[in-house]
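Student: Coordinates only, no sequence provided:
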């Protein structure tokens, strides 16, 4: 068993490194000089090492500087011990003193517990906890979600979890179950819980590599609005179709801030054992989101559209409501998320305001990049590997 004092050094083992938040966390931790290892799944055409190399090269090109390479462990979140072989497990036991479990499924509906979101959010967390136990890792940083609060209103405290709340979808249920499992693990010395709200793109550049939440509304607007006359789909009509009020708000947070806050928290020993709402103290009004969608789409439309493209408001409402049904519970007014712990540890990292101009930047990036039609992190064929891949076959 490792002592608490020994955990201040050694490698941090990261899951979920190839997603939007994970890619930013890799960047920020490497910039901080953190000794990082990542568990990554091989794709059909791309090795785990190549996938991580693509992300690191992407950041090097943007930053104009060389970054160290993390150690890559080829595995699979949904396999026992995350698919790590004996060699990889020995390496983890010898080098890793903490885990940052960031991997998750964002699937909202899943009545079959053998499928998503249960498969990754509960089964995957079970496997990561097993890695921690087998390797003697005593410090666990768990990325949950602010929406473990379910359908609560009022103020939600950071240390609240299961208080008898109702839930809007299986994603929320699975994340509560996963967080409870981590908290109940008796082989851990500390459990630090990180709960972001709805993550959107970079507040400075608009960059994103995933298109959930806010982007679902934007994508639908981009698809449907060209088929109706302006006026049928004013911003107030969007708000009405979404079934909310102008005064309702959504707690959107930019990925660059969430990553910076997470990187600081996981490297701060005094933060261990606490729960952090990585939420925006200035949530975004639904009306502002609707206006952003309207204006971003309008800017790309030609003045003349053929009459065959014109549909009425009932057509639009039916299409929107049908497509947004799975996200309906996320379009309610958000509660107030207590940020006491977050404010005490990340006061030097204020959350950027997602004003109209910033939201428009996010919308423009998504539309200009066709909602991710091309890969955000293109694989490089000459991937240099200054640090070895552990527990994986050599790439061809």
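Tutor: Looks like it came in fine. What you see is a predicted model, and the numbers here were worked out from it, not measured in a lab.
Student: Could I get the phi/psi values of residue 73?
Tutor: Backbone torsions for residue 73, taken as degrees, to the nearest 10, come to phi -120, psi 110.
Student: Also residue 277?
Tutor: Main-chain torsions, residue 277, degrees, to the nearest 10: phi -80, psi 100.
Student: For the residue nearest to it when sequence neighbours are not counted, grab the count of nearby residues.
Tutor: Spatially, and ignoring its direct neighbours in sequence, residue 277 is nearest to residue 337 (4.4 Å; CB to CB, 6 or more residues apart in numbering). C-beta here means a position set from N, CA and C on the backbone, and glycine is covered the same way. Neighbour count for residue 337, taken as other CB atoms under 10 Å: 23.
Student: and the gap between residue 337 and residue 160?
Tutor: According to CB to CB, to the nearest Å, residue 337 stands 10 Å off from residue 160.
Student: now the stretch 151-300 of the chain, which segments are flagged as low pLDDT?
Tutor: Within the stretch 151-300 of the chain, the ranges that satisfy pLDDT under 70 run 230-244, 246.
Student: give me that answer again for 80
Tutor: Scanning the stretch 151-300 of the chain for pLDDT under 80 picks out 225-247.
Student: tell me the helices in it, going along the chain?
Tutor: Using DSSP state H, counting those that start in this stretch, the helices found in the stretch 151-300 of the chain span residues 170-184, 214-224, 235-241, 255-266, 286-298.
Student: do you know which of these lies nearest residue 75?
Tutor: Nearest to residue 75 among the helices of the stretch 151-300 of the chain is helix 170-184 (18.2 Å), distances taken as CB to CB.
Student: Which elements pack onto that closest one?
Tutor: Packing contacts for helix 170-184, counted by 3 or more CB pairs under 8 Å, 6 or more residues apart in numbering; DSSP states H and E, involve helix 125-135, strand 139-143, strand 190-196.
Student: Residues touching the second one, excluding its own?
Tutor: If you take CB atoms under 8 Å, 6 or more residues apart in numbering as the criterion, strand 139-143 is touched by 7, 16, 21, 97-102, 104, 125, 129, 132, 178-179, 182, 185, 188-196, 262, 265-266, 272.
Student: change it to 6 Å
Tutor: For strand 139-143, the external contacting residues (CB atoms under 6 Å, 6 or more residues apart in numbering) are 7, 98-102, 132, 182, 188, 190-194, 266.
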